[in-house]
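> The sequence isn't on hand, but the structure is:
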């Protein structure tokens, strides 16, 4: 997909980015309405302050009809979900009923992946109540396969992630559960004795998570068997990643008022390693209100780091992978602490926003209490944030300059190149409002390379494949994943910024099967479709 052949949805704002030179700054423009996206999130709140209604919902970028253009799926709590088909001309067409995916229950999260290895993307929806698995029939319609596959866990489902945990060539499924709200759904909590608010999560017991092994036509729940800690954490965001680079996928889950969990894959069993590794707590030894999670190699040192979003008056937390099995809280060093104190953060992602060869950060913000102004010095609607990676010095907030001045109470966010111009756009879900589709108007000053993996011996999506791209002395590392952020699912392709380079000197893919594939002299401005060697 060459950049010259794409739509001219671009303009540039020339400003300095700290380098002393004027360069093209990417700027976001909310095009949701112009693109025809009329979905509106509804939480069904009636004043009783029931916790599920304020947790929000997620969004997925995925190519459900395999036409090379990303489609959008929006989850809902108290109304129908919505599937929008990309019309390839800057607009989306509502396709929900035709595709048969209008029901998302009391919907929370979504993750898109090819769980049955048939070449198209399926949808898994987490709910307060029974979760839903929609199998893509390949003919434009989905079939509810929840009952036949056995994955309809009935807890307070939140984050979910697919990954080939046992390296058998198909995708297994982890479902994070939050807390036992059913134990006392009518509980009333107050601030200043008379202002009713949502009850804090620590007033409810944690709820056990679910881990499903893919057995082909169905799944088997084996959480206890593989070592999940029952009822240990109130979990929201979850992500599979090979953080120790030993060739199998580990699992990281953020805890809300409970320690984060890092399950290390020991080949048939998980060992909880968060405390020893240094990611259970922040640098003050405190557990935080973990919401969203991201994993990425933001400093290009060849190791995956973690970022966790947290509550108002807590900092978001950056856990830097120091190697040898240990992480360090480098939030302050990276200049990410102070800018996050005033906000309550949810969806997040590492990504190369400006295509300069290192990963930046996006954070979606919004308070849980719509009456928070009565008892705290903050607001319900809050601006989202963008942090530019400025190299060794850390991150610098560029939200306003990048066009992120609008305020909403945001929740889920997903990355995706919906206009196929090589830079990453952002879909954001807001509580009780229409969503945002933030188009990245990069301006064509920098180059990109995207990689789409097609597994043969490995799972069809290539989830767990580790990709390294070398351009001159710089080596970037990414991983193919399904799940992450907060309740959301990103573009299945993996994107690299190449700066002004016309090619990637070398692309190396380590597949879950252990095979290593290499390409040299790969031209910029394209999606490289890499099929696993047979």
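Great, that's in hand. Computed from a predicted structure; not experimentally measured.

> in this protein, which ranges drop under the pLDDT threshold?
Where the chain drops to pLDDT under 70, the residues are 1-25.

> is it true that residue 101 touches residue 74?
No: taking contacts as CB atoms under 8 Å, residue 101 lies outside contact range of residue 74: 10.5 Å. Yep, even glycine has a C-beta here, placed from its N, CA and C like the rest.

> what do the two both touch?
Both residue 101 and residue 74 are in contact with residue 81, where contact means CB atoms under 8 Å, 6 or more residues apart in numbering.

> ok, and what's touching stretch 186-197?
Applying CB under 8 Å, 6+ apart, the set of residues contacting stretch 186-197 from outside is 47-49, 198-200, 203, 369, 371-372, 374-375.

> all helices in the stretch 401-534 of the chain, in order from the N-terminus.
Remark: helices of the stretch 401-534 of the chain are absent; assignment by DSSP state H, counting those that start in this stretch.

> thinking again about what came up before, mind checking which of the contacts of stretch 186-197 are buried?
Buried residues within the contacts of stretch 186-197, defined by neighbour count using 16 or more other CB atoms under 10 Å: 49, 198-199, 369, 372.

> Could you identify the most distant pair in those?
Checked with CB to CB, these reach their widest spread between 199 and 372, with 14.5 Å between them.

> about what we covered before: dump the contacts of stretch 186-197 to CSV, plus secondary structure.
As requested, the contacts of stretch 186-197 are arranged in CSV below (DSSP: H, G, I helix; E, B strand; the rest coil):
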residue, secondary structure
47, coil
48, coil
49, coil
198, coil
199, coil
200, coil
203, helix
369, coil
371, coil
372, helix
374, helix
375, coil
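
> could those go into CSV alongside distance to residue 331?
Compiled in CSV, the contacts of stretch 186-197 are given as follows (distance: CB to CB, whole Å):
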residue, distance to residue 331
47, 37
48, 36
49, 31
198, 26
199, 28
200, 23
203, 27
369, 25
371, 30
372, 24
374, 30
375, 27
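
> nearest to residue 249, of those?
For the contacts of stretch 186-197, with residue 249 as the reference and CB to CB as the criterion, the closest is residue 200, at 32.7 Å.

> Check which element follows the helix or strand hosting residue 328 along the chain.
Following DSSP states H and E, one finds residue 328 within strand 326-329. For strand 326-329, the following helix or strand on the C-terminal side (DSSP H and E) is strand 345-351.

> what residues does that following strand touch?
56, 58, 291-296, 298, 307, 309-311, 316, 359-366, 385, 410-415, 424, 428-429, 484-488, 490, 495.

> Where strands are concerned, which of those count?
Secondary structure of the contacts of strand 345-351 is defined by DSSP state E; positions in strands are 293-296, 307, 360-365, 385, 410-415, 428-429, 495.

> Can I get the buried ones among these as something I can paste into PyMOL?
The PyMOL command for the buried members of those (criterion: 16+ other CB under 10 Å) is given here:
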select buried, resi 293+294+295+296+307+360+361+362+363+364+365+385+410+411+412+413+414+415+428+429+495
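
> what distance separates stretch 504-514 from the middle of the whole chain?
For stretch 504-514, the distance between its averaged C-alpha position and the chain's averaged C-alpha position is 23 Å (CA atoms, centre = their mean, to the nearest Å).

> And the contacts of it?
With CB under 8 Å, 6+ apart, stretch 504-514 has contacts from 164, 167, 169, 247, 249, 449, 451, 453, 455, 457-459, 462-472, 496, 498, 516-522, 524, 528, 530, 532.

> If any of these are buried, give me the ChimeraX selection for them.
Listed next is the ChimeraX selection for buried residues among the contacts of stretch 504-514, using 16+ other CB under 10 Å:
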select :164,167,169,247,249,449,451,453,455,458,459,462,463,464,465,466,467,468,469,471,496,498,517,522,524,528,530,532
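
> thinking again about what came up before, what lies in contact with the strand holding residue 328?
Strand 326-329 is contacted from outside by 277-279, 282-283, 305-306, 317-322, using CB under 8 Å, 6+ apart.

> ok, that strand: who's next to it in the sheet?
Based on DSSP bridges, the strands next to strand 326-329 in the sheet, each with its direction, are strand 317-323 (antiparallel).

> hang on, residue 202 packs against residue 255?
No: counting by CB under 8 Å, residue 255 is not a contact partner of residue 202; they are 10.8 Å apart.

> Pick out whichever of those two has more residues nearby.
More neighbours sit around residue 255 than around the other of residue 202 and residue 255, counting by other CB atoms under 10 Å; the figures are 25 against 14.

> Could you look up the SS state of that one?
What three-state DSSP gives for residue 255 is strand.

> what residues are up against it?
Under the criterion of CB under 8 Å, 6+ apart, the contact list for residue 255 reads 233-235, 261, 280, 287, 290.

> Among these, which ones are in helices?
Where these are compared with helices, as defined by DSSP state H, there is no overlap at all.

> Can you pick out the most distant pair from the residues you listed?
234 and 280 (13.6 Å).

> which one of these two has more residues nearby?
Regarding residue 234 and residue 280, a neighbour count based on other CB under 10 Å identifies residue 234 as having more, with 26 against 21.

> pretty sure residue 132 belongs to a strand, no?
Yes: under the criterion used here (three-state DSSP), residue 132 sits inside a strand.

> my guess is it contacts residue 147, does it?
No: proximity of residue 132 to residue 147 does not meet the contact threshold set by CB under 8 Å, at 10.1 Å.

> These two - which one has more neighbours?
For residue 132 versus residue 147, the count of surrounding residues by other CB under 10 Å is larger for residue 132: 25 against 11.

> Name the SS class of the residue lying closest to the more buried one once chain neighbours are set aside, please.
Nearest in space to residue 132, with sequence neighbours left out and distances taken as CB to CB, 6 or more residues apart in numbering, is residue 125 at 4.3 Å. When the structure is split into helix, strand and coil by three-state DSSP, residue 125 lands in strand.

> And residue 125, how far from residue 65?
19 Å (CB to CB, to the nearest Å).

> ok, which stretches of the stretch 1-150 of the chain are strands?
Taking DSSP state E, counting those that start in this stretch as the criterion, the stretch 1-150 of the chain contains strands spanning 13-16, 22-25, 27-30, 59-62, 71-74, 82-86, 92-94, 107-113, 122-127, 129-136, 142-144.

> With distance to residue 185 as added columns, please give those in CSV.
Formatted as CSV, the entries for the strands of the stretch 1-150 of the chain read as follows, by distance: least, CB to CB, whole Å:
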stretch, distance to residue 185
strand 13-16, 49
strand 22-25, 48
strand 27-30, 36
strand 59-62, 27
strand 71-74, 26
strand 82-86, 27
strand 92-94, 33
strand 107-113, 16
strand 122-127, 15
strand 129-136, 12
strand 142-144, 26
